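[1] This is the structure alone, sequence omitted:
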């Protein structure tokens, strides 16, 4: 009778574990796609126009903020792809549940990196669209509309990736809260208590 009850108790745990793994895989795959799209859109973004007989170019590499945007999203893209096998490794039996903490830290770093790179590109994009009369910066999106529209699309993908990575950090924290504390022979928390 006890073995049947213990099997019944394990079913919800197995379902929760499977749900956790599938959610992790889904969010990481979506984050990979969003960061890849943001990186490719911005990295291939350039436009050339003729203005009064002069040829003017707009490229992402002309702005350090846009270069940071491409680099930050490229790093997050590579991380999202490379972190997928670790979900299976950490989920395998015999793996210490505390390993998820390291994944949480890396998720948090990638979340901050994507947010910082998207924010810097957004600030430059705003000046490109609106200009700044106080500093004499002119809006260029009237002349380089295709360039600005493509950069805007890259920003949408990057902010979507930020939200996905943020959800991953929340999921990792929730997972950490479910890990029971180990107890020693005296029933005290922690395994390193000496007699």
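    Yep, it's here. Model, not experiment: these values are computed from the prediction.
[2] Touching the worst-scoring helix or strand of the chain on mean pLDDT from outside, list them.
    Taking mean pLDDT, DSSP states H and E as the measure, the helix or strand of the chain with the lowest value is strand 46-51, at a mean of 75. Strand 46-51 is contacted from outside by 55, 56, 57, 58, 59, 60, 143, 144, 146, 147, using Cβ atoms under 8 Å, 6 or more residues apart in numbering. In this view, the C-beta of every residue, glycine as well, is placed from N, C-alpha and C.
[3] Show me these that map onto helices.
    Within the contacts of strand 46-51, residues falling in helices by DSSP state H are 146, 147.
[4] any idea which element the residue nearest to residue 75 when sequence neighbours are not counted lies in?
    Distances taken as Cβ to Cβ, 6 or more residues apart in numbering put residue 113 closest to residue 75, at 6.3 Å, once the chain neighbours are dropped. Here residue 113 sits within helix 99-130, counting by DSSP states H and E.
[5] Packing partners of that helix?
    Helix 99-130 sits against helix 2-43, helix 64-82, helix 84-91, helix 145-178, with contacts defined as 3 or more Cβ pairs under 8 Å, 6 or more residues apart in numbering; DSSP states H and E.
[6] Spatially central residue for this protein, please.
    Most central in the chain under Cα atoms, centre = their mean is residue 165, positioned 3.6 Å from the mean C-alpha point.
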